[in-house]
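In: requesting a structural model of the entry that follows:
(one chain, ligands or ions: 2)
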Amino acid sequence: MTTKELIKKAENTHLLSKDEIVKILKDEASSEDLFVAADMVRKKYVGDKVHLRALIEFSNICKNNCHYCGLRRDNKNIARYRMNEDTIYKLAEHAVKNMGFKTIVLQSGEDLFFDSDKLCSVIKRIKTLDTALTLSIGEKTLDEYKAYKQAGADRFLLRIETTDKNLYERYDPDMSWKTRIECIRNIGIAGMEIGSGVLVGLPEQTIESYADDILFFKKINADMIGIGPFIPHPDTPLKNAEGGKFDLALKVMALTRLLLPDINIPATTAMETLAPNGQTIALQSGANVIMPNVTLAQYRKHYELYPGKSSTNITADEGLKAVKDKIASIGREIATDYGFHQKKSC
Ligand code: SAH
Ligand code: SF4
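Out: Ligands and ions are numbered 1, 2, ... in the order given. All right, here's what the predicted structure looks like:
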């Protein structure tokens, strides 16, 4: 089959083999067809509404040392912070009551200060608000995931980062790829929606491994998948790496939409950082979610996963306005529901 025919097949059946995915990813001439197909599948399965999730980066303290990330424990060049429960709650309250968000996302480094009791206390307080709640706080035990769910957490984001086991263990020292997979499985067992995803553009990542990544998303029955181009941070071991290419990340994202047609897919901040209008382009190539940052500026500037993280120099209100303008500019609307994964038969 030609690449065009393969894209058509994926659009209609949502099935492709690894070799077929590789062929599409390698064929630069067919990128536009892929983006158009992903946009049509997005429209058919999840509609024109864009879900907004308010991102609160509540601690940048991390016990891990991921080679790609500016929050890694060996980076001594950032000021570390940790918000207290009241600050986290007040930010969430403002986001829900005054800004109209229907989902709060709590994200942090792997900060051991926030044990299960502390986290469950914050979760319960936030869930007194009219909102869904997502956590993105790293690897935990099944019992901890169950406790978060019981306290009211609805979803959990844990990217596999790459399904290439050797690369994963090279760039995430002291971490095991098997444990990562187990954690992702446990999120589902605990009853939360499973969010995962990968980086695109780590040194030595291959087209074949992106194909494995996409098939992995299908295998774990993901509810949400975020694809982020890797952006080198100057205070990390990967500072001299070339970094991810916007178009390739967009293609991996578009293929993810074709194969998992009804899931939630964010237009990631890293895409906006890498290309002007990156999020708008992503929304037109398969994405249906944006996660505006509502962290206070005094903290936000220190949550430097990668340099130039988009919107670090504007207020939460300005950021939300910019996102709303983007959505309106392409004739899309903001969703007013909680934005859970609505499974459709495909
Ligand atoms: N500590 C948690 C959540 C915070 S990190 C965790 O690791 O799961 C959130 C995401 O930021 C990571 O999953 C990773 O994919 C992304 N990230 C880290 N460093 C990055 C970089 N240099 N460029 C792009 N994305 C990066
Ligand atoms: Fe910590 Fe997450 Fe960064 Fe790894 S990616 S160093 S776990 S914040």
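In: quick one, what contacts the closest residue to ligand 2 within the stretch 201-346 of the chain?
Out: Across the stretch 201-346 of the chain, the shortest distance to ligand 2 (C-beta to the nearest ligand atom) belongs to residue 305, at 6.1 Å. Quick note: C-beta positions are derived from backbone N, CA and C, even for glycine. Residue 305 sits next to 69-71, 233 when contact means C-beta atoms under 8 Å, 6 or more residues apart in numbering.
In: quick check: residues of the stretch 151-300 of the chain near ligand 1?
Out: 158-159, 161, 199, 228, 230-231, 233, 270 (C-beta under 6 Å from any ligand atom).
In: go again using 8 Å as the cut-off
Out: 157-159, 161, 197-199, 226, 228-233, 236, 238, 243-244, 270 (C-beta under 8 Å from any ligand atom).
In: from those residues, which ones fall inside strands?
Out: 157, 197-199, 226, 228-229 (DSSP state E).
In: neighbour count and pLDDT added to those residues, as a markdown table?
Out: Formatted as a markdown table, these follow (neighbours: other C-beta atoms under 10 Å; pLDDT from 0 to 100):
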| residue | neighbour count | pLDDT |
| --- | --- | --- |
| 157 | 25 | 98 |
| 197 | 24 | 98 |
| 198 | 29 | 98 |
| 199 | 26 | 98 |
| 226 | 26 | 98 |
| 228 | 25 | 95 |
| 229 | 25 | 97 |
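In: how about residue 127, nearest residue that isn't a chain neighbour?
Out: residue 152 (3.4 Å; C-beta to C-beta, 6 or more residues apart in numbering).
In: cool, residue 267 as well?
Out: residue 282 is the one closest to residue 267 (C-beta to C-beta, 6+ apart), at 3.5 Å.
In: that neighbour and residue 273 touch, don't they?
Out: No - in this structure residue 282 lies outside contact range of residue 273 using C-beta atoms under 8 Å: 12.0 Å.
In: between these two, which is the more surrounded one?
Out: Comparing residue 282 with residue 273 by neighbour count (other C-beta atoms under 10 Å), the higher total belongs to residue 282, at 28 against 20.
In: now do the residue positioned nearest the centre of the chain against residue 270, distance only.
Out: The chain has residue 226 as the residue nearest its centroid, 3.4 Å off, counting by C-alpha atoms, centre = their mean. Applying C-beta to C-beta, to the nearest Å, the value for residue 226 to residue 270 is 9 Å.
In: got it, and residue 186?
Out: 26 Å.
In: where along this protein do the strands fall?
Out: Using DSSP E, strands in the chain cover 49-52, 54-59, 103-108, 132-136, 155-157, 193-200, 224-229, 289-290, 333-334.
In: what is the last one packed up against?
Out: If I follow you right, that is strand 333-334. On a contact count with 3 or more C-beta pairs under 8 Å, 6 or more residues apart in numbering; DSSP states H and E, strand 333-334 meets strand 49-52, helix 316-329.
In: what's the most buried one of those?
Out: Of the helices and strands packed on strand 333-334, the one with the most neighbours on average (mean count of other C-beta atoms under 10 Å) is strand 49-52, at a mean of 22.
In: which other residues reach that one?
Out: Here strand 49-52 has contacts from 101-103, 264, 283, 288-292, 320, 323, 327, 332-336, 339, using C-beta under 8 Å, 6+ apart.
In: which neighbours in the sheet does it have, and how are they oriented?
Out: Sheet pairing of strand 49-52 (DSSP bridges) gives strand 289-290 (parallel), strand 333-334 (parallel).
In: show me where pLDDT drops low in this structure?
Out: Scanning the chain for pLDDT under 70 picks out the ranges 310-312, 346.
In: what parts of it come near ligand 2?
Out: 60, 62-66, 68-73, 108-110, 138, 161, 172, 175, 305.
In: how does it look with 6 Å?
Out: Checking the chain against ligand 2 by C-beta under 6 Å from any ligand atom, the hits are 62, 64, 66, 69, 71-72, 109-110, 138.
In: the helices in the stretch 51-200 of the chain, which residues?
Out: 85-93, 116-126, 142-151, 165-171, 177-189 (DSSP state H, counting those that start in this stretch).
In: may I ask you to name the longest helix in the chain?
Out: helix 31-46 (DSSP state H).
In: report the contact partners of the nearest residue to residue 173 once chain neighbours are set aside.
Out: Setting aside the residues directly before and after it, residue 173 is nearest to residue 65 in space (C-beta to C-beta, 6+ apart), at 5.5 Å. Contact analysis of residue 65 by C-beta under 8 Å, 6+ apart lists 72-74, 172-174.
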